[in-house]
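Novice: my questions concern the predicted model and sequence given below.
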Amino acid sequence: MVKQQTRYSRLANITKLINTKLELREVLEDVVTAISEEIVQCDSVGIYLPQADGKFRGYVGKPEIINGMTLDMHVIETEFDLLAKEVIETQKTIYIPDTSKDDRPDPRAVEGFKIKSLLVLPISYENELFGLVFLFDYGIPMNLTEEEIQTVEAYVNMAGVAIRNASNLTRKENLIAEKQLLLDLTRELSMCSSMQQVIDKCFFYVGKVLKNPNIGVHLLDPLVEKAIKPASLSRDSDWTEEDWKNTHNMLGIDSANDPVFQEVIGTKKPLLIPKVLEDERPNHDACLKFGIKGMFMLPLVAMGEVLGALAIVELEEYELTIPESDIQLAQSIADATASTLSNLLYMEKQEVIIEERTSEIIDKHKELERVVTELEQLSREKELILNSAGDGLFGIGLDGKITFCNPASESILGYETGELIGKPYHIIFKGNKTQHQTSPYSEGDQKFFKKDNSSLCVEYVISLIKEGDTVHGEVVTFKDITERKQMEEEIKYLAYYDSLTKLPNRVRLYETLNQALIDAQVSKQKVAVLFLDLDRFKLINDSLGHSYGDLLLRDVAARLSASIPKGAIVSRQGGDEFTIVLPNIKSEQEVLKAVKQVTDSFFKPFSLKENEVYVKTSIGISLFPEDGDTAEDLIKNADAAMYKSKEISGTYFHFFESEMTNRTLESIKLENALYKALDKDELVIYYQPQIDSKNNTIIGAEALLRWVHPTEGMISPVDFIPIAEDTGLIVPIGKWVLVNACKQLKEWHMQGYSFMSMSVNLSGRQFEEDNLVSMIKDILAESKLPPACLHIELTENQIIKNTEITIKKMKQLKDLGVNIAIDDFGTGYSSLGYLKNFPIDALKIDRSFVQDLEKDVDDAAITNTIITLAQNLNLNVIAEGVETKEQLEFLLSKGCSIMQGYYFSKPIEAQELAKRYLYSKEQ
């Protein structure tokens, strides 16, 4: 009894350590101590953890030194230790009481330590192997009992929990580190002023993630459409940039004809080639010249356009391997880089054009200078040159009057032929000209005045007309740069303003907000940041089209601009997201007043090409300095508060609270766990019986998805189904539900219950898949299930998105023999007119109408109307959410007999349903 209490005390102590200590080694040392104290006849206890090379190395144990070596010098090699190999493969405990009669243990260890008996246990949790535990003697057999082995297994299980917790913590830390890395990258890119700075930042972060410095970038030539050329090489690369570019030129590598480049550009997806010489796509000559063994390519894509590609090459290992998580993170870095490069590439192209134009002016000026020196001797040639020159040219005498001019100057300045001669020069310069220059000089971005007194932007050069040392006057050559100035202003506008809404963009927002924060620090006032997201915007885009969505965004921008207080700024973040900055805030009441003005502006409908739509907005609010002292933190926290507004129905705005950022992290963790849930068999199907209440017999069941998380327990579909929809995981998960629900129904049929049917919900994403009908056909064929037994349930909102395609797909399902029901009928946005057009078999009355049948006359009337409508259209009708006898009797009295709900049964597992409703009928 005392021994048992001691064991429980040890287990409790280890549990406490797991919950309070983050240091894995300390916990595992306590596990070893507990085992050694429990199994006193054992001479050695050791815990071995897996290494990257597949071997297991000693981590903690007793004694710490064996045969003159510390435990971490001991390595388990499965090619010699067949016992360890078997434990790893089976994840089962193996006890060998007499090693002389068993050839599985490593003979070297048996001989070296004189081992007579040996116990090997796997450290595992939920079928995941974390390590091995070895117990052995030094010549005297341990003679372990089954109870002692089970005791050791209990301690080893605690070790598995500790290692699993440490692994989870490491994963969480990696997730946070990745998010911080992307935030750091975005901040640093926003401060870059040149393409090389942007590329260097990209090289640094990609190299950091992939642990590989051999990175090169190939970019679009700004002057040659769609020509991608080697642009820059990481300074840490094994090659120099000059040799790298020269080798490309020598080999004549053309991205337009290179299969690897074309695949990356065409698919706009990353490409990993582990062994280049075993793949026909890479240029093998180039790979051999550069010494490339493996290759990883990342596309640089901005606004849907490919700007180039990053090439990361392996020069050492024969095979290049990169974890999927690193690939995704590297692509995120490339996407952020591409967005910044897009603006800089456009600017560079314009700068090259401007530089060429300026060079042209200088060249023409030099040419005209040469002409002017020959004016007196070559009067006829002078006249020809003056008349043919495209740029303006005129002479000024010592008295300040114009002595000659060419037709171009008269045309540019709006004068008739000869009208300028004899006029004072100041009618053109208006005081801008500096007199008595002793040498030629030029001016840029100056104004000349035309005959009608309007101005134009010019660049001009003034040179002296000299004969020997005597000055006879000056000659002015000028070029109209009005169009170029307009182009420069347009470039500046595009860099700071959104082209669709004309509002300031994200770059301009950050500049404005940063300045507002500086002013607020000086004046000791507050700054408020409002983050807005339009509700149901995606539905408008999907149902009416993107042109309507663009009209809505422009109208929203206009209303927001009109509703914000004086001094505030509204900008578009992207998509349907807007940000409002309220500077110089003295109290929270000022913020609430501004929020009311914004929300009031959404009360009236928006008119989109004679279509009226009502749109609301969800708002998140953060305040300086309480919620952050940088623009980045304030916008991020306002974004988190906005999601709180979306979560709670009927609310328009929320102020930021610190736990909101924690909720965002929880959402990320839940999304990551959902990616693995299907592979780890964490998803299960519950079945809710469908009852014919006329005779109180079961006729079928509805398949309902549930997620049993290993640590969080049962997670509500309300929490994970929206994530599955957003990420696209709903497609493979939905297929899994269909396959397993059909298998279960077929199993019941084979047991003699062929009257049973199965109802399965299809999501909007599933219904849009091109292969939906063929997939259902294959599932029915594989399960050998009669199609009429499968009832597909769709919501009203799903089937009205694209009426023509929807009808076609529904008819194809009907041609298979499948039944179609409209789920949650009466709660959607459609009209009753679709009922006569769509090939449906049944209507399901939503639980929201059934719940208050006894108390709400409106719900009773709606329910009665739906039943009557279904009967008149020869459709079946099913009531959901039946919970009371009064509800049952009301529905029966109106002619609805097929029901499901908690009055009969909550959703239960297949075995429980069969036990209650099928097997019980035979007794």
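Specialist: Received the coordinates, thanks. Residues are numbered from 1 along each chain as shown.
Novice: tally of neighbours for Leu853?
Specialist: Neighbour count for Leu853, taken as other CB atoms under 10 Å: 23. C-beta here means a position set from N, CA and C on the backbone, and glycine is covered the same way.
Novice: ok, it - contacts?
Specialist: Under the criterion of CB atoms under 8 Å, 6 or more residues apart in numbering, the contact partners of Leu853 comprise 859-860, 863, 886-887, 890-891.
Novice: go with 6 Å
Specialist: 859-860, 887, 890 (CB atoms under 6 Å, 6 or more residues apart in numbering).
Novice: for the most centrally placed residue in the chain, give me its contacts.
Specialist: For the chain, the residue sitting closest to the mean C-alpha position, by CA atoms, centre = their mean, is Ser332 at 8.0 Å. Contact criterion CB under 6 Å, 6+ apart gives Leu182 as the residues in contact with Ser332.
Novice: gap between it and Gln180?
Specialist: Separation of Ser332 from Gln180 (CB to CB, to the nearest Å): 13 Å.
Novice: can you name the element that comes right after the lowest-mean-pLDDT helix or strand in the chain?
Specialist: Across the helices and strands of the chain, the lowest-confidence element by mean pLDDT, DSSP states H and E is helix 379-388, at a mean of 47. Per DSSP states H and E, helix 379-388 leads on to strand 392-397 as the next helix or strand towards the C-terminus.
Novice: what sits up against whichever helix or strand comes after that following strand?
Specialist: Elements were assigned by DSSP H and E; along the chain past strand 392-397, the next helix or strand is strand 402-405. Outside of strand 402-405, the residues within contact range by CB under 6 Å, 6+ apart are 394-395, 397, 420-421, 423.
Novice: given strand 402-405, what are its sheet partners and their directions?
Specialist: Sheet partners assigned to strand 402-405 using DSSP bridges are listed as strand 392-397 (antiparallel).
Novice: how far does the strand it pairs with sit from its chain's centre?
Specialist: Here the centre of mass of C-alpha atoms in strand 392-397, compared against the chain's by CA atoms, centre = their mean, to the nearest Å, lies 62 Å away.
Novice: list the contacts of that strand.
Specialist: Contacts made with strand 392-397 from outside it, assessed by CB under 6 Å, 6+ apart, are listed as 402-406, 408-409, 412, 425, 473-478.
Novice: do you know how far Leu277 is from Gln262?
Specialist: Using CB to CB, one gets 20 Å for the distance from Leu277 to Gln262.
Novice: mind checking the pLDDT average for the helix or strand His791 falls within?
Specialist: Secondary structure from DSSP H and E places His791 in strand 790-795. Strand 790-795 comes out with an average pLDDT of 92.
Novice: what about it, distance to the chain center?
Specialist: Offset of strand 790-795 from its chain centre (CA atoms, centre = their mean): 31 Å.
Novice: what of stretch 60-76?
Specialist: How far stretch 60-76 lies from its chain's middle: 47 Å, per CA atoms, centre = their mean.
Novice: likewise for stretch 584-593?
Specialist: 34 Å.
Novice: give me the average confidence score over it.
Specialist: The predicted model gives stretch 584-593 an average pLDDT of 89.
Novice: what is the burial count for Glu590?
Specialist: When counting by other CB under 10 Å, one arrives at 15 neighbours for Glu590.
Novice: ditto for the one 4 residues further on
Specialist: Other residues lying near Ala594 total 20 when counted by other CB under 10 Å.
Novice: alright, that wraps it up for me.
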